[in-house]
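Engineer: Sequence first, predicted model second:
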Amino acid sequence: MNNSPGDRHDGVSRRGFLTGTGAVAAAAAGLQAELKQATAQPRVDDTNPMGPAPVLLQLTVNGRSLTTHVEPRVTLLDALRNYLDVTGCKRVCDRATCGACTVMVNGRTVYACTMLALEARGCDIRTAEALVRGGKLDPVPTAFVDCDAQQCGFCTPGFVVSLRAALDRNPRATPEELEAAVSGNICRCGTYEQMRHAIVQLCQKGG
């Protein structure tokens, strides 16, 4: 049977239109049922949620066990500086571009502003404060002092920690290798030439 002119509009029949909308409605109803079922079932990650309230944090920093409470969103940088009074690592860019907040985590350099404090639990954390023992400076900051390789001082902790980590990995590192090790650190005062002199001194004296 032919459809009347009122049954068609731009080539689509009334019957086809009604059939199509019925299918869409059925699909939407099925999707809603699936979503309801999915949200009703507990997720694996929800079995032991943390936050937003502060939780217990215990860190091993420069050989000492330090305990505090932090919100899960707190970075390692903020936990060290604001909660544990370990202020050697500096907040400068706070976006992992300058290296002033560099610390060692299990011997590897890390931008403390990019790591959550809770991720550092159970790790060995070393900061610039670890480079002074018994009132005696580590050879790395000593070389910086000897060569006047600092000005404002904000970047210096990140540089000396990065160099210490590189020398711990390879005590016989060349000046070129040590310069590469601090390529992620920026000195806004521009004391790079003096730093090169400090690096040469470290290589000559064996770090």
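Structural biologist: Cool, the structure landed.
Engineer: Centre-most residue in this protein?
Structural biologist: For the chain, residue 114 is the residue whose C-alpha lies nearest the centre (C-alpha atoms, centre = their mean; 1.7 Å).
Engineer: if I read this right, it contacts residue 93, doesn't it?
Structural biologist: No: proximity of residue 114 to residue 93 does not meet the contact threshold set by C-beta atoms under 8 Å, at 10.9 Å. C-beta: built from backbone N, CA, C; applies to glycine.
Engineer: Ramachandran angles for residue 133?
Structural biologist: Phi and psi for residue 133, reported as degrees, to the nearest 10, are phi -130, psi 130.
Engineer: Show me what it bridges to in the sheet.
Structural biologist: Using DSSP bridges, the bridge partners assigned to residue 133 are residue 136.
Engineer: and the gap between it and residue 63?
Structural biologist: 10 Å (C-beta to C-beta, to the nearest Å).
Engineer: try residue 50
Structural biologist: 27 Å.
Engineer: Contacts only, for the residue nearest to the centre of the chain.
Structural biologist: Contact analysis of residue 114 by C-beta atoms under 8 Å, 6 or more residues apart in numbering lists 75, 96.
Engineer: quick one: it and residue 94, what's the gap?
Structural biologist: Distance, residue 114 to residue 94, using C-beta to C-beta: 10 Å.
Engineer: In its sheet, which strands sit next to the helix or strand containing residue 103, and in what direction?
Structural biologist: According to DSSP states H and E, residue 103 maps onto strand 102-105. Paired strands of strand 102-105, with direction, are strand 108-111 (antiparallel), strand 124-126 (antiparallel) (DSSP bridges).
Engineer: looking only at pLDDT, what's the mean for that strand?
Structural biologist: In this model, strand 102-105 has a mean pLDDT of 98.
Engineer: Then stretch 159-171?
Structural biologist: 98.
Engineer: Please point out which parts of that stretch sit buried.
Structural biologist: 159-167 (16 or more other C-beta atoms under 10 Å).
Engineer: and which of these is nearest to residue 88?
Structural biologist: Using C-beta to C-beta, residue 161 is the member of the buried residues of stretch 159-171 that lies nearest residue 88, at 8.1 Å.
Engineer: does the closest one belong to a helix or a strand, and which?
Structural biologist: helix 156-169.
Engineer: Could you point out which residue ranges in this structure have low pLDDT?
Structural biologist: 1-48 (pLDDT under 70).
Engineer: Tell me the spacing between residue 118 and residue 136.
Structural biologist: 34 Å.
Engineer: And the two? Which one has more around it.
Structural biologist: residue 118 (20 against 9; other C-beta atoms under 10 Å).
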